[in-house]
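Asks: Using only what follows, build the 3D model:
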Amino acid sequence: METNNLYKGHVLAVDDTPSIIEYLEGILSHNGYKVSYTYDPYKVMKLVKKDPPDLILMDVMMQDKTGYDVCEELKQDEKTKDIPLIFMTILDDLESKVKGLSVGGVDYITKPFHSEELLLRVETHISLYRLDKTLKQKNKELQNEILKRKETENELLSLFKSMDSVVIIFDNEGRYIKIAPTIPTLLHRPASELLSKTIHEVLSKSLADSFLEKIHESLEKKETLNFEYKMLIREDEFWFDAKVSPISENKVIWVARDITSRKKLEENLIEMNKMKTMGTLAGGIAHNFNNILSIVVGYTQLALYNEVPEESPAKESLKSVLKACRRAKDLVNQILIFSCKHYTSKSNISIGLIIKETVSSIKPSLPSNIELKYQIEPDTWSVLADGVQIQQILLNLVANSIDSMTPQGGLLKIELRNLELKKQSKKNFNGAEKGSYVQLSVSDTGYGINENIQDRIFDPFFTTKDVGKGLGMGLSVTHGIVKNHNGFIYVKSKVLEGTDVSIIFPRVLDTYYESEKKSEKNIEEKILNSATILLVDDEEMVGTICKKLLELLGYRVTFEENSLESLEIFKNNPDKFDLVLLDIEMPNMNGEDLAKEILKIRADIPVVFITGHSSRIINDEKTDSLGISGVVFKPFSKNELYKVVSTALSKGRNQK
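Replies: Numbers count the residues shown, from 1 in each chain. This next block holds a predicted model:
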């Protein structure tokens with residue numbers, strides 16, 4: 001690259017990393033820029049005022065002070081506020097970009113730099129800065145000319161007629177003098193009805209007072225004011241970014257740009273962060289609660305099947321305890337659905353049972369003026385699906401229906417039936433091949449959905465609800481789950497009549513749900529080998545009950561609470577064990593990392609995870625990639641523990 005000796009401008013670089021400064025100074029100086037720099041963010045203001053640069057390159061994260069703080073200080077000073085500032089950052093997420101732009105940055109560039117991109121951005125913003133200075137100078141000249149010649153005002157009017165923002169000329173009394181053509185929805189009334197009226201005749205008193213205050217301030221200071229405001233236009237809330245500039249001694253030009261979409265995006269981002277925090281909290285609660293439930297279920301089963309005589313009246317009491325634990329487990333599953341920290345695995349399931357469970361859980365909280373009916377066709381077929389995700393679909397659709405019938409009330413109906421498509425569907429379930437399906441329908445008598453927005457209801461963040469009352473993710477998530485299950489979704493809605501959402505899933509032959517009453521006798525009749533299991537769980541009480549249940553099933557168990565010590569035990573005698581059973585969430589070394597180390601030592605040994613919740617989301621794809629043979633979910637019954645362990649041992653024998 002040849003050196004460019006033509007002077008292009010002055011750049012101030014601020015970064016507490018010497019190598020970054022050295023790089024910037026080298027490449028910018030080589031390309032015609034004067035470069036000054038500092039490692040200390042506290043010296044920036046002094047340097048800028050002493051020798052104003054054409055552009056500032058500012059690191060975001062510095063030891064003593066962030067680039068955001070320095071930028072805010074510069075933007076608050078009249079002498080430095082207009083100097084363009086580009087943030088340099090390793091952060092490339094939406095929140096960081098919004099933060100940088102909101103404090104006054106004009107752009108951002110991510111580290112490590114690409115020289116061509118760096119030079120292009122620097123050149124572009126210096127050019128824009130100089131152009132902006134030129135435009136401001138021209139604006140002053142035009143204002144002087146406006147006082148002398150009426151023709152200039154006409155030229156200005158013809159100019160703003162071509163703009164699609166709200167462009168208005170007000171006099172010093174807040175009277176509408178001229179209104180440029182604009183989108184009708186951005187004005188309270190047609191422009192012809194506003195002309196010659198004052199803002200107090202059109203707007204609310206508080207809004208009109210604030211507008212008039214801005215008009216007077218701009219005229220008195222003889223400068224452009226920039227601010228944001230919101231207003232209701234025909235019951236819809238709009239946000240505007242406004243610039244008010246004097247064009248004569250008693251008139252201003254008011255240019256307001258619609259920024260409603262940007263504001264909604266910012267509010268959605270804040271809401272998403274809240275939901276993420278709540279989800280993490282909910283997942284943590286579920287993890288701890290499942291540990292407690294595991295202990296209760298385990299000791300109850302030990303007492304019920306091994307310690308209490310068959311004729312004892314305590315038998316029925318212990319069975320009632322297990323029933324209550326199953327209900328508590330269902331409640332924890334609801335928490336895990338909310339926190340999105342559940343294990344994703346497809347099995348052959350009956351949607352009818354999920355409907356019954358869901359109806360049972362939502363009925364107590366249903367508004368009294370909403371009637372809930374459900375109808376399940378006898379002998380409905382099974383589908384291959386993740387039961388938790390199917391329940392999430394149902395909860396999303398039910399929540400939408402309840403919202404649409406609030407506060408007026410109405411009828412909510414859930415239906416399940418078998419469906420035979422004789423030929424490929426080209427209308428309702430577009431693309432569905434002929435065959436056997438199970439159809440789930442949720443309908444309501446609510447407000448309905450306008451026809452002109454029905455094609456957008458599956459878009460992420462699209463919602464008909466007020467800001468703060470929903471993220472617009474429910475139907476988007478539902479649509480994604482349906483597609484992931486090779487299903488199809490169809491929405492039929494009419495305003496003031498209601499909405500009907502129908503989903504079809506392909507039929508499979510086997511049922512997933514086995515009876516909870518499967519007798520202990522069947523398990524005891526199985527020929528149990530004398531397998532030896534290494535059990536690792538940092539919760540002493542959970543590990544102890546798990547050990548007792550495994551021993552009751554005929555296994556030999558070595559129990560260790562410390563993951564690092566358990567690894568040493570395995571290293572010393574890897575052939576002693578036939579299976580390793582690990583809790584996922586443990587201090588020092590988590591279950592996932594421990595499994596990797598164990599499989600490095602002996603690749604053929606079956607490894608089974610135990611979990612009640614994990615921040616490391618697990619699914620079939622992940623367990624397969626790690627070489628995991630199964631997953632046991634807390635709280636687990638003796639049957640569930642046996643099923644996973646025996647299956648893993650069987651697979652392990654077959655692979656040898």
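
Asks: Show me the domain layout of this structure.
Replies: As assigned by automatic domain parsing, the chain contains the domains 9-139, 150-258, 351-510, 520-655.

Asks: For residue 294, which of those is the nearest?
Replies: Among those, domain 520-655 comes nearest to residue 294, with 4.3 Å by Cβ to Cβ. (Glycine included, C-beta is placed from N, CA and C.)

Asks: average pLDDT for the closest one?
Replies: Confidence for domain 520-655, expressed as mean pLDDT, is 83.

Asks: Give me the distance between it and the centre of its chain.
Replies: 33 Å (Cα atoms, centre = their mean, to the nearest Å).

Asks: circling back: right, and the domains of the chain - which one's nearest residue 267?
Replies: domain 351-510 (5.4 Å).

Asks: hmm, back to that, would you mind giving the domains of the chain as a markdown table with mean neighbour count and distance to residue 266 added?
Replies: Output for the domains of the chain, formatted as a markdown table (neighbours: other Cβ atoms under 10 Å; distance: least, Cβ to Cβ, whole Å):
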| stretch | mean neighbour count | distance to residue 266 |
| --- | --- | --- |
| domain 9-139 | 16 | 6 |
| domain 150-258 | 15 | 10 |
| domain 351-510 | 17 | 10 |
| domain 520-655 | 18 | 27 |
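
Asks: Of those domains, which is nearest residue 288?
Replies: domain 520-655 (8.0 Å).

Asks: re the thing from before, so which of the domains of the chain comes closest to residue 305?
Replies: The minimum distance between residue 305 and the domains of the chain falls on domain 520-655, with 5.7 Å, by Cβ to Cβ.

Asks: hey, where'd the helices end up in the stretch 501-650 of the chain?
Replies: Along the stretch 501-650 of the chain, counting by DSSP state H, counting those that start in this stretch, helices occupy 520-525, 540-552, 563-572, 591-601, 620-626, 638-655.

Asks: out of these, which comes closest to residue 39?
Replies: helix 591-601 (38.9 Å).

Asks: roughly how far apart are the residue sitting furthest away from the middle of the chain and residue 306?
Replies: For the chain, the residue at maximal distance from the C-alpha centroid (Cα atoms, centre = their mean) is residue 148, at 57.3 Å. Here residue 148 is placed at a distance of 104 Å from residue 306 (Cβ to Cβ, to the nearest Å).

Asks: So the residue farthest from the centre of the chain versus residue 415, what's the distance?
Replies: 77 Å.

Asks: quick one, what contacts the residue farthest from the centre of the chain?
Replies: With Cβ atoms under 8 Å, 6 or more residues apart in numbering as the criterion, no residue contacts residue 148.

Asks: For it, grab phi and psi.
Replies: phi -90, psi -40 (degrees, to the nearest 10).

Asks: Show the pLDDT at it.
Replies: 72.

Asks: how far away is the residue lying closest to residue 449 once chain neighbours are set aside from residue 415?
Replies: Distances taken as Cβ to Cβ, 6 or more residues apart in numbering place residue 493 nearest to residue 449, at 4.1 Å, with adjacent residues excluded. Look at residue 493 and residue 415: by Cβ to Cβ, they are 16 Å apart.

Asks: rewinding a little: let me see the contact set for the residue nearest to residue 449.
Replies: Neighbours of residue 493 in contact, by Cβ under 8 Å, 6+ apart: 448, 449, 454, 499, 500.

Asks: Residue 208 against residue 173, yeah?
Replies: No - Residue 208 lies out of contact with residue 173 (Cβ atoms under 8 Å); the separation is 11.1 Å.

Asks: what's the overlap in contacts for the two?
Replies: Common neighbours of residue 208 and residue 173 (Cβ under 8 Å, 6+ apart) are residue 198.

Asks: is it fair to say residue 177 lies in a strand?
Replies: Yes - applying DSSP: H, G, I helix; E, B strand; the rest coil, one finds residue 177 inside a strand.

Asks: okay, who's weakest in the contacts of residue 493 by pLDDT?
Replies: Among the contacts of residue 493, residue 454 carries the weakest pLDDT, at 58.

Asks: who's residue 13 bridged to?
Replies: residue 37, residue 57 (DSSP bridges).

Asks: contacting residues around it?
Replies: So residue 13 contacts 20, 21, 24, 25, 28, 35, 36, 37, 38, 56, 57 (Cβ under 8 Å, 6+ apart).

Asks: Apply 7 Å and report the result again.
Replies: Residue 13 makes contact with 21, 24, 25, 35, 37, 57, according to Cβ atoms under 7 Å, 6 or more residues apart in numbering.

Asks: okay if I get the residues you listed as CSV plus pLDDT and distance to residue 10?
Replies: What follows is these, written out as CSV (pLDDT from 0 to 100; distance: Cβ to Cβ, whole Å):
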residue, pLDDT, distance to residue 10
21, 93, 16
24, 94, 13
25, 93, 13
35, 95, 8
37, 94, 12
57, 95, 12
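
Asks: List phi and psi for residue 417.
Replies: According to degrees, to the nearest 10, residue 417 has phi -150, psi 160.

Asks: any idea what sits nearest residue 214, other than its immediate chain neighbours?
Replies: Distance criterion Cβ to Cβ, 6+ apart; nearest residue to residue 214, sequence neighbours excluded, is residue 244 at 5.3 Å.

Asks: Check the gap between that neighbour and residue 216 for me.
Replies: As judged by Cβ to Cβ, residue 244 and residue 216 stand 10 Å apart.

Asks: can you pull out the strands in the stretch 351-500 of the chain?
Replies: 370-376, 382-385, 410-421, 435-444, 488-494, 498-508 (DSSP state E, counting those that start in this stretch).

Asks: Check which helices and strands the second one sits against.
Replies: Right, strand 382-385. Where contact means 3 or more Cβ pairs under 7 Å, 6 or more residues apart in numbering; DSSP states H and E, strand 382-385 is packed against strand 347-349, strand 498-508.

Asks: list the buried ones in the first one?
Replies: For strand 347-349, the neighbour count (16 or more other Cβ atoms under 10 Å) marks residue 349 as buried.

Asks: Note down every partner strand of it and its orientation.
Replies: Applying DSSP bridges, strand 347-349 is found paired with strand 382-385 (antiparallel).

Asks: Return the partner strand as CSV; C-alpha atoms alone will do.
Replies: This file holds the C-alpha atoms of strand 382-385, laid out as CSV (Å, rounded to 0.1, in the frame of the first residue of the first chain):
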residue,chain,number,x,y,z
SER,A,382,-50.3,-41.3,19.2
VAL,A,383,-47.8,-38.9,17.7
LEU,A,384,-44.0,-38.7,17.8
ALA,A,385,-43.4,-35.5,19.8
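
Asks: before we move on, the earlier item: turn the strands of the stretch 351-500 of the chain into JSON lines, including distance to residue 477.
Replies: Shown next, in JSON lines, are those (distance: least, Cβ to Cβ, whole Å):
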{"stretch": "strand 370-376", "distance to residue 477": "22"}
{"stretch": "strand 382-385", "distance to residue 477": "15"}
{"stretch": "strand 410-421", "distance to residue 477": "19"}
{"stretch": "strand 435-444", "distance to residue 477": "15"}
{"stretch": "strand 488-494", "distance to residue 477": "12"}
{"stretch": "strand 498-508", "distance to residue 477": "13"}
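
Asks: Quick one: closest of those strands to residue 565.
Replies: Nearest to residue 565 among these is strand 382-385; the distance by Cβ to Cβ comes to 40.8 Å.

Asks: next one: that closest one to chain centre, how far?
Replies: 28 Å.

Asks: in the stretch 51-200 of the chain, which spans are helices?
Replies: So, for the stretch 51-200 of the chain - with DSSP H, counting those that start in this stretch - the helices run 67-76, 94-102, 115-148, 150-160, 191-194, 199-202.

Asks: who's in contact with the first one?
Replies: Under the contact criterion Cβ under 7 Å, 6+ apart, helix 67-76 has outside partners 41, 44-45, 48, 58-60, 80-81, 83, 85, 87, 99, 103-105.
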